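Enquirer: What follows is a predicted structure for the sequence shown.
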Amino acid sequence: MKILVLNTGSSSVKYRLFDDTATLAKGLVERIGEPGGDAADHEAAMQRVMAEVDLAGLDAVGHRVVHGGTEFAEATVIDDVLVATVERLVPLAPLHNPAALTGIAVARKLLPAVPQVAVFDTAFHQTIPPEGSTYAIDTALTDRWQIRRYGFHGTSHAYVARKTAELLGLPAATAKVITLHLGNGASACAVDGGRSVATSMGMSPLSGLVMGTRCGDIDPTVIFHLHRVAGLPIEEIERSLTRSAGMQGLTGDNDMRTVEHRWQQGDHAATLAIDLYCRRIKEYVGMYLAVLGGADAITFTAGIGEKSPEVRAHSLAGLTALGITIDDPRNTRNAQIISPDGAAVAVCVVPTDEELEIAGQVATVLSR
Ligand code: ADP
């Protein structure tokens, strides 16, 4: 099947063209609408994609959509009803869903005969049971305002958990895997038999692990205090917790390579930041071991998870009593399995591929 995967942002379109699992072409149209940018608007950007790649015989377009609310538990063929639903969900993802809607509108207009499918970051986590997705606040508020844990990075967690089971020869229907997606954004997920049962991001991608510029878990009182006592407007607090927190807030650098370099030089801020970053991962691993009743594997993925032996070793240090050990030479060379042979819990490094997973889900939906 020939499938075009589109990830439309507010000012960029990332695309990759697949023939089944083989990549035929990929590219990025950037700085849309900016002076000197690649395209004047999203329609011009899409026309540019169509000029750059050969779309003859295209079977489908797959669109990455960040927020599917509780409405979408799997990839879904796009029609007017889906578009209206995603529009309704804009308040839950005010930055991301409008861009995806623009991408969908433009692709439907320019490729009217090609089936289009939406693949949601949230969908994989719809299997989390209510006790894992509900916040313990007044249900009158949660019901009225769609407040709950949705979770994100779903295509990555789904893909990586499945690949882990394949790598270890575990039966997909029973494998218990803790996946750690550590990129600029970061989240943990407990996957039981291919289904998400817990994840660290919540109503938004702000909660859970420490990230490049996002705070992860904090007491909500921090927000009240910054507003009431420090006098910061709510928009400024949101900006700070989203853009100036995490590694950025702790060290002034959001790039893990820079922070690791400073850590190796003995820099105090970088040392605290890495200790905190890894401790939070360890806390989530402990929680998810408990939720799953033990795990077959723990898998690291995304930029930091795939490339930082230091973060992997530091996050799982001291867990030998739980059957979790890392083999240093394997870890240093970023091997696929970095635990010793025969370990009770396998520790793996599996590169994520969200576009490939989207293409696979599109093919599955259309072959039904
Ligand atoms: P995104 O979430 O934007 O897709 P990535 O998955 O590419 O991001 O991850 C980006 C992060 O990976 C950055 O913090 C970067 O510093 C980190 N990273 C990339 N290479 C390395 C490396 N060799 N060692 C440590 N961190 C790395």
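Expert: Received the coordinates, thanks. Numbers count the residues shown, from 1 in each chain.

Enquirer: Could you pull up phi and psi at residue 198?
Expert: The phi/psi pair for residue 198 (degrees, to the nearest 10) reads phi -160, psi 150.

Enquirer: typo on my end, it should be residue 160
Expert: phi -70, psi -40.

Enquirer: ok, it - contacts?
Expert: Counting by C-beta atoms under 8 Å, 6 or more residues apart in numbering, residue 160 makes contact with 177, 179, 181, 299, 301, 350, 352. The C-beta positions use only the backbone N, C-alpha and C, and glycine is treated the same way.

Enquirer: and the residue nearest to the fifth one when sequence neighbours are not counted, what does it touch?
Expert: The one in question is residue 301. What sits nearest to residue 301 in space, not counting adjacent residues and going by C-beta to C-beta, 6 or more residues apart in numbering, is residue 352, at 4.3 Å. If you count contacts by C-beta under 8 Å, 6+ apart, residue 352 has them with 156, 159, 160, 181, 301, 302, 306.

Enquirer: CA atoms only for stretch 222-230 - export them in CSV, please.
Expert: Output of stretch 222-230 as CSV, limited to C-alpha atoms (Å, rounded to 0.1, in the frame of the first residue of the first chain):
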residue,chain,number,x,y,z
VAL,A,222,2.6,25.7,42.9
ILE,A,223,0.3,27.4,40.4
PHE,A,224,-2.0,28.9,43.0
HIS,A,225,1.1,30.2,44.9
LEU,A,226,2.7,31.7,41.8
HIS,A,227,-0.6,33.4,41.0
ARG,A,228,-1.7,34.6,44.4
VAL,A,229,1.6,35.2,46.2
ALA,A,230,4.1,35.9,43.3
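
Enquirer: Would you mark the buried spots in it?
Expert: 223, 226 (16 or more other C-beta atoms under 10 Å).

Enquirer: Contacts for that stretch next, please.
Expert: 232, 233, 234, 237, 240, 241.

Enquirer: Now do the same for the residue of the chain found nearest the ligand: helix, strand or coil?
Expert: Nearest to the ligand in the chain, going by C-beta to the nearest ligand atom, is residue 303, at a distance of 2.1 Å. Under DSSP: H, G, I helix; E, B strand; the rest coil, residue 303 falls in the helix class.

Enquirer: again with residue 274
Expert: Secondary structure of residue 274, per three-state DSSP, is helix.

Enquirer: what's around it, how many residues?
Expert: 26 (other C-beta atoms under 10 Å).

Enquirer: residue contacts, the residue lying closest to it once chain neighbours are set aside?
Expert: With sequence-adjacent residues excluded and distances taken as C-beta to C-beta, 6+ apart, residue 274 is closest to residue 263, at 5.1 Å. Counting by C-beta under 8 Å, 6+ apart, residue 263 touches 270, 271, 273, 274, 310.
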